[in-house]
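K.L.:
sharing a model that was predicted from the sequence below.
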There are 2 protein chains.
Amino acid sequence: MTIDDAPRDALRGGPRELLRWVATGAAVSRADLSRLSGLSPSTVSQRVEALISQGLLEEAGAGRSRGGRRPRQLAVPTGGAVVGAIDLGAHHARVGTLDLSGRVVKARTLPVRIEDGPEAVLGALLAEVATLVGSAPAAGDGAVAGGSAGGALRGVGIGIPGPVQHSTGRIVSPSRMPGWNGFDVAAFCAGRVDVPVIVDNDANLMALGAHRTAHSELDHAVYIKAGTGIGSGVIASGRLHRGAQGSAGDISHCRVVADPAPPCTCGNAGCLEAVASGAALVTALREQGVPVSDLTGVIRLIDDGDRQATALARQAGRAVGEILAVVVNFFNPQVVAIGGRLADCEPLLASMRATLYERCLPLATQTLLIERVAAGQDVGITGAAHLVIDHVVAAA
Amino acid sequence: MTIDDAPRDALRGGPRELLRWVATGAAVSRADLSRLSGLSPSTVSQRVEALISQGLLEEAGAGRSRGGRRPRQLAVPTGGAVVGAIDLGAHHARVGTLDLSGRVVKARTLPVRIEDGPEAVLGALLAEVATLVGSAPAAGDGAVAGGSAGGALRGVGIGIPGPVQHSTGRIVSPSRMPGWNGFDVAAFCAGRVDVPVIVDNDANLMALGAHRTAHSELDHAVYIKAGTGIGSGVIASGRLHRGAQGSAGDISHCRVVADPAPPCTCGNAGCLEAVASGAALVTALREQGVPVSDLTGVIRLIDDGDRQATALARQAGRAVGEILAVVVNFFNPQVVAIGGRLADCEPLLASMRATLYERCLPLATQTLLIERVAAGQDVGITGAAHLVIDHVVAAA
DNA sequence: CTCACTTCCTTCGACTACAAAACTAAGTCA
DNA sequence: TGACTTAGTTTTGTAGTCGAAGGAAGTGAG
């Protein structure tokens, strides 16, 4: 199955956007939607009708008058259709269901062991999605509502912490996922759930989620995901930029100056990932004789002001900043935001900022926002859901 | 005056594209256009009719039959409307007129002295455009044909070898253009010609020209212009990516590893421009006691196999490759092409290639084309013309 | 209470862009 | 001569959008 990118109407006044405005409370009535979208009242009325008849929207009584006729309030049906989303990480996965406007309905975090292999891991996570939806997703059973309303599962989005060919749903030479290389996630899932399954890189999904949540008015944005690994997602002209092979944003093996250059899992040395990823920090601290077991421990050390850990965090921040400087000069985004577990690590953020301001064209940093990704632990599943919704609501 | 980007129909079957297909010989008849564009025959007929009535296209007799009715051949009228284009370089400027399909009608290269300042330089170049068109462009005279056909000037596109705010036509802190900082090119020109003037960075125009000429079917492309200075232009999803401030592609002040790090005109040291630009090569060779006066001399030395010059060229290639590696990983283009006078310099190209293949994700380089920009000395004005045509034909 | 006015929403006619089908035109080939 | 092929036009239809007009349902001044 090849999956197209979001069609153009995802951007301006499309059904998804109307839905989102209603769900976020930005719009309550048809008139609100008309004002927000710039579409004529007649067009909005028509589209709202279509959404209502699909069960994606419902009327919810009359609102307060503002000096004239009372608006007929719109709402996203509670208990309506949902999409499932899985944001797989190195040690944990966030699994959730979201309504068709992209709001989280239920979500929980599960521990996972990547090394158990794709079948076991994905099987368990899909089962969890089914549990959250409240019905077993065995192939062929009644879990899928063809078209109309009801608490049915409409699709599943999955984020993978490694290179994914979005178009085919296949994993390509991941560096920290032994046993997953070449695994066809989409095909595997197609055998377990009979709704569309969309697979993408976790950083891409974070980017999409963060952009739709916090920066939907900005055209060009770069999101860095710094956790156990390090990656990035790119929004160009309001859309997720995947590039030719779908590997856009994969900066993990860009070389940075580091002395000594630490060896990377990819076989090279001095890769960004070998210097600035959570895994790299753990390794480096251990080599310095500091007994840490995982990233959580490292972050605790940094928060406690440990000298060695802080120095490493600064070095990591510089490394990220170095690569990001090239990216900012080249791409000239309106915002660079950093997410992932290392994003809350002040020294890293500070030296990344400093490096960026030092190394970029003044013109490029003049109005550049450098932020933390705001949306918290649900950005990933939010992005995944948006991807699925864009794909699923379009077909309706 | 703020200038929008090319409207969307520039991409699929828009009037400009039809025009281009006819001009390039890709299409000769309406049926050809229908096949190429994917539009229905009726739609094509309709559009062609519109173009003919605007004088942008004409019928040119019957063609050879291919087993059925003979096609009514289409052609771009000779002596029809043109646009002017100026590709300003450090020492020379390419000035030309092009028909509305983007084909060069006349062109010539003029020596320029940037340090004479914008008024003198641009004044002379605009005068040259007027000469090529065959009528004086004094404000208010009859040089501009309002709508219909005729050898009238419809617009002028100008490429500047430094940072330009495309939207306003203003130059922003150029490093090698003393006296040009903050100069409002668009406003200046508006006082001399009464047709639209569009200003952009020279690398952007090269990118646009090269993409439209050689890679129009590719979505994502990066073009490096390595001449006296060094810059790049980016095509994302088939359109020129300018970024937030319009400074996208400006990689000239990205830092590269170099020992010793040569000082840059921007005040920093180790900038790509200070290592890999033509100007840098001249400076470095002189410092080594080699008597070269300009880039031409350097290129001659390299072609002759001079040891010092070749070593510098290799170093330059590595530097470009280093930055480009980050760009390729991040952006994942289908093609990277290098143009400008240094593009013909084998050692540079070779070590750039080597560095790229060494430092990029295999996934990203797997199908990546690494090429020379093909279109020769007219790429710049071609790109400029396309920009103007996209702006002008839309209004028709 | 009445009436002017506001806000909300729908209905209807029109326009645009495109496509599909039917048709005309003009050739080839057996 | 007639079947077939290719080229292009005309007609008709459809989808999406807008604008104007108007009905529905309220507010507030007199």
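P.N.:
Everything's here; your move. Numbering: from 1, shown residues only, chains lettered A, B, ... in the order given.
K.L.:
between the helix ranked longest in chain A and helix B:307-331, how big is the angle?
P.N.:
The longest helix of chain A (DSSP state H) is helix A:307-331. With axes from the mean of the first three to the mean of the last three CA atoms, to 10 degrees defining the directions, helix A:307-331 sits at 100 degrees from helix B:307-331.
K.L.:
next one, pLDDT for the closest residue to residue A:321 other than its chain neighbours please.
P.N.:
Leaving aside its sequence neighbours, residue A:321 sits nearest to residue A:355 (CB to CB, 6 or more residues apart in numbering or on different chains; 2.7 Å). For every residue, glycine as well, the C-beta is placed using N, CA and C. Looking at residue A:355, its pLDDT stands at 97.
K.L.:
check which helix or strand covers residue A:355.
P.N.:
Residue A:355 belongs to helix A:346-359 when assigned by DSSP states H and E.
K.L.:
list the contacts for the residue nearest to residue A:321?
P.N.:
Contacts for residue A:355 were tallied using CB atoms under 8 Å, 6 or more residues apart in numbering or on different chains; they are A:317-318, A:320-322, A:324-325.
K.L.:
so, low pLDDT: which residues of chain A?
P.N.:
Within chain A, the stretches with pLDDT under 70 are A:1-13, A:135-151, A:394-396.
K.L.:
what parts of it come near DNA strand C?
P.N.:
Residues of chain A found near DNA strand C (CB under 7 Å from any atom of the strand) are A:29-32, A:41-42, A:45-46, A:48-49, A:66-73.
K.L.:
ok, the residue in the stretch 151-300 of chain A that DNA strand D sits nearest to to residue A:379 distance?
P.N.:
Nearest residue of the stretch 151-300 of chain A to DNA strand D: residue A:238, at 16.6 Å (CB to the nearest atom of the strand). According to CB to CB, to the nearest Å, residue A:238 stands 18 Å off from residue A:379.
K.L.:
higher neighbour count, those two?
P.N.:
residue A:379 (30 against 18; other CB atoms under 10 Å in any protein chain shown).
K.L.:
which strand or helix spans that one?
P.N.:
Under the criterion of DSSP H and E, residue A:379 resides in helix A:379-395.
K.L.:
please see if that helix touches DNA strand D.
P.N.:
No - with CB under 7 Å from any atom of the strand as the criterion, DNA strand D is not reached by helix A:379-395; the gap is at least 10.5 Å.
K.L.:
just the buried ones from the contacts of residue A:355?
P.N.:
A:317-318, A:320-322, A:324-325 (16 or more other CB atoms under 10 Å in any protein chain shown).
K.L.:
which one of these is nearest to DNA strand D?
P.N.:
Within the buried ones among the contacts of residue A:355, the smallest distance to DNA strand D is 37.5 Å, found for residue A:324 (CB to the nearest atom of the strand).
K.L.:
from residue B:249, how far off is that closest one?
P.N.:
Taken as CB to CB, the span from residue A:324 to residue B:249 is 16 Å.
K.L.:
and for residue A:42?
P.N.:
In terms of CB to CB, residue A:42 sits 43 Å off from residue B:249.
K.L.:
would JSON lines of the buried ones among the contacts of residue A:355 with distance to residue B:163 be doable?
P.N.:
Output for these, formatted as JSON lines (distance: CB to CB, whole Å):
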{"residue": "A:317", "distance to residue B:163": "28"}
{"residue": "A:318", "distance to residue B:163": "26"}
{"residue": "A:320", "distance to residue B:163": "25"}
{"residue": "A:321", "distance to residue B:163": "22"}
{"residue": "A:322", "distance to residue B:163": "22"}
{"residue": "A:324", "distance to residue B:163": "20"}
{"residue": "A:325", "distance to residue B:163": "16"}
